[in-house]
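> The following comprises the amino acid sequence and a computationally predicted model.
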Amino acid sequence: MSLFGYFWDPSLAERDTGITCPEKGERIRVLRPDRLRQRVKDFEVFGFAARGESILQGVHQPEYIREVREAPKSGKRFLDRGDTRITSNIFAQALRAASAGCEAIDKIRAGTIERAFCAVRPPGHHANALRAMGFCIFNNAAVAARYAQRTLGIERVLIVDWDNDPGNGTQEIFWEDPTVFVLSLHQANLFPAAGAHQLIGAGAGEGFNRNVPIEPGTDAATYLKIFEQVVGRTVGRHRPEFVIVSAGFDAHAADPQSKIGLHEKDFGKMTRILLDAIEPYTNRRLLSILEGGYNQSALAASVAEHCVALAEMPVALA
Ligand SMILES: [Zn+2]
């Protein structure tokens, strides 16, 4: 029996953001499960429908949810200043993307699977409680974190955001919340310049937010060393009962904006480092959700390596 679930639904390709937008439907099509079968032997594929709006509770404000729902009637072309295009299906698509993580958590709760990858768009980590930003509408990882807390009977969640941009929306949502630790590794000084290491949360959440800017030009060996160090330290400190990866693959060397020397195999290594670190606390239960990644072939290859590691059976203890 496979303990790894791959959440993929062709309908998420049907949001037409325009030919110049790198966040396009093709990103879902290159991740179709039959292509993954060439690398990953044993996994189950699940589709997912849009849940009710209640999954957004505790993450997005009602006025923002209304703004997204009514956006097609607003006459505007973008939810933000020019990245996040309004389409006639914007609300249904964003809600469906956010629902995938909830579906995966239900399957984890039922014991059907232990680990999951959700191949979804639009991405989520730039969106905060009140605002869309950088292709992101609803914060899929944040929605999943709150849903896990509500349904798994747990408190401490760790979100590891290895997208090449800072997870600024996630950071803001959990800024004063000590139950959800947000760890973001990203290329230094990339959009939206909200990933400085001085930003550590506030109030009760002080010390539960960590930014690790990576200098442009950093090679894979150095990146992996830093990753192993900060993940080990963060996991030891927070002792997460559940882990969510904001899995962007735009730090791949072939991605248009990347100045980081990661290749597809490195995402497999990062996955194994993370799984090893969290094992004492989570029994390797983990949910990974797609964020960025805009070179289609690098994206497909990186997701495959990530999923190979997620699908591996844990080594049985003697
Ligand atoms: Zn990104």
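Alright, I've got the coordinates. Numbering: from 1, shown residues only.

> and the residue of the chain nearest the ion?
Residue of the chain nearest the ion, by CB to the ion: G292 (2.9 Å). Using the backbone N, CA and C atoms, a C-beta is placed for each residue, glycine as well.

> Is that residue in a helix, a strand, or coil?
Reducing the assignment to helix, strand or coil with DSSP: H, G, I helix; E, B strand; the rest coil, the entry for G292 is coil.

> List the contacts of it.
Applying CB atoms under 8 Å, 6 or more residues apart in numbering, one finds that G292 lies in contact with E23, P123, F135, D163, N164, D165, G248, F249, D250, D255.

> If we ignore the residues flanking it in sequence, what's nearest the first one?
The shortest distance from E23 to any non-neighbouring residue, by CB to CB, 6 or more residues apart in numbering, is to F135 (4.1 Å).

> residues touching that neighbour, list them.
Here F135 is in contact with T17, C21, E23, D83, T84, R121, P122, P123, H126, G292 (CB under 8 Å, 6+ apart).

> Near the ion, which residues of the stretch 151-300 of the chain are found?
Neighbours of the ion within the stretch 151-300 of the chain, by CB under 5 Å from the ion: D163, N164, D165, G248, D250, G292.

> With secondary structure, distance to I90 and pLDDT added, can I get the contacts of G292 in a markdown table?
Output for the contacts of G292, formatted as a markdown table (DSSP: H, G, I helix; E, B strand; the rest coil; distance: CB to CB, whole Å; pLDDT from 0 to 100):
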| residue | secondary structure | distance to I90 | pLDDT |
| --- | --- | --- | --- |
| E23 | coil | 13 | 96 |
| P123 | coil | 14 | 98 |
| F135 | coil | 12 | 97 |
| D163 | coil | 21 | 98 |
| N164 | coil | 25 | 97 |
| D165 | coil | 21 | 97 |
| G248 | coil | 21 | 98 |
| F249 | coil | 24 | 98 |
| D250 | coil | 22 | 98 |
| D255 | coil | 25 | 97 |
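
> out of those, which are buried?
The neighbour-count test (16 or more other CB atoms under 10 Å) applied to the contacts of G292 identifies E23, P123, F135, D163, N164, D165, G248, F249, D250, D255 as buried.

> Does the second one touch E23 like I think?
Yes. Here P123 lies in contact with E23, judged by CB atoms under 8 Å, at a distance of 7.0 Å.

> which stretches of the stretch 151-300 of the chain have low pLDDT?
In the prediction, the stretch 151-300 of the chain carries residues with pLDDT under 70 at positions 191-192.

> can you map out the strands along it?
Taking DSSP state E, counting those that start in this stretch as the criterion, the stretch 151-300 of the chain carries its strands at 157-161, 180-187, 209-214, 242-247, 286-290.

> Whichever strand or helix holds C307: which residues count as buried?
Element membership for C307 (DSSP states H and E) is helix 296-311. By neighbour count on 16+ other CB under 10 Å, the buried set for helix 296-311 is 296, 298-311.

> who does it touch, helix- and strand-wise?
Taking 3 or more CB pairs under 8 Å, 6 or more residues apart in numbering; DSSP states H and E as the contact definition, the neighbouring helices and strands of helix 296-311 are strand 4-7, helix 26-29, helix 33-36, strand 115-118, helix 264-282, strand 286-290.

> can you tell which of these is closest to R77?
helix 26-29 (20.9 Å; CB to CB).

> And the pLDDT at the nearest residue to A104 once chain neighbours are set aside?
Take A104 and drop its neighbours on the chain: the residue closest to it by CB to CB, 6+ apart is A116, 3.8 Å away. With respect to pLDDT, A116 has a value of 98.

> any idea how far A116 lies from L31?
Counting by CB to CB, to the nearest Å, the separation of A116 from L31 is 14 Å.

> And these two? Which one has more around it.
Neighbour tally, A116 and L31, criterion other CB atoms under 10 Å: the higher count belongs to A116, 29 against 25.

> dump the residue contacts of G124.
G124 makes contacts with 97-98, 136-143, 169-170, 246, 289, 291, as judged by CB under 8 Å, 6+ apart.

> again, but for E228
Neighbour list for E228: I273, A277 [criterion: CB under 8 Å, 6+ apart].

> same deal with C307?
Contacts here follow CB under 8 Å, 6+ apart; on that basis C307 touches F4, Y6, L36, R39, V40, F43, F117.

> for N128, same thing?
Applying CB under 8 Å, 6+ apart as the definition, the contact partners of N128 turn out to be N139, N168, G169, E172, I173.

> got a winner among those residues for most neighbours?
Neighbour counts for those were taken using other CB under 10 Å; the highest belongs to N139, which has 31 neighbours.

> I'd like to know how far the residue nearest to the spatial centre of the chain sits from S2.
Taking CA atoms, centre = their mean, the centroid of the chain lies closest to S246, which sits 2.3 Å from it. Using CB to CB, S246 is found at 24 Å from S2.
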